[in-house]
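Student: Attaching a predicted model along with its sequence, questions to come.
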Amino acid sequence: MLLYLFLLFTVLPLTEVFLLGWLWSEIGLLWTILLVLGTGFAGAALARWQGLKVIMRIERRLGRGQMPADELFDGAMLLVAGCLLITPGVLTDLFGLVLLVPPVRAVLRGSIKVWAARNVQVRVSNFANASTASPRREDPNIVEGEVVESHLVDD
């Protein structure tokens, strides 16, 4: 994990600076700045548009009583894409734009599901009293019920 963080915070910015310098020498400062700003604005607009589409899909799935897991994952990837697009640089813009392509997100979603199935364990515990964190025991004196109506009584 430390290696990935090192690469993220050192190698990526250095690569971005190198690419921006190379672009500057090839097409000029003004065009380089316009390119970075243009991809940022265009990408942000696309991310917003696709984000609204994902929200509508989430609402449809919830309306049918279904869990919108894939849509929520798409929303998370669009959030990452938006963050990458507002970060100045060529590589980050490229990665952000790639994440805006729905088939790419579908492939990533499938790959991450496979990885999670192999590497993530979920354990569930049931606690009767969260303050003491004692496991619930079957007690014949405990009667479970449901509050139908309640009233606040002032002292």
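Tutor: In hand now; what should we look at?
Student: Next up, identify which helix or strand residue 103 is on.
Tutor: helix 102-119 (DSSP states H and E).
Student: Which strands or helices does that helix pack on?
Tutor: Packing partners of helix 102-119 (3 or more CB pairs under 8 Å, 6 or more residues apart in numbering; DSSP states H and E): helix 69-86, helix 90-99. Yep, even glycine has a C-beta here, placed from its N, CA and C like the rest.
Student: what residue ranges in the protein score low on pLDDT?
Tutor: Applying pLDDT under 70 to the chain flags the ranges 125-145, 147-155.
Student: Return the distance of the biggest helix by length in it from the chain's centre.
Tutor: As assigned by DSSP state H, the longest helix anywhere in the chain is helix 29-63. In terms of CA atoms, centre = their mean, to the nearest Å, the centre of helix 29-63 is set 14 Å apart from its chain centre.
Student: which of the residues in that helix are buried?
Tutor: Neighbour-count burial for helix 29-63 flags 32, 36, 39-40, 43, 46-47, 50-51, 54, 57-58, 61 (criterion: 16 or more other CB atoms under 10 Å).
Student: Tell me the one among those residues nearest to residue 104.
Tutor: residue 50 (11.8 Å; CB to CB).
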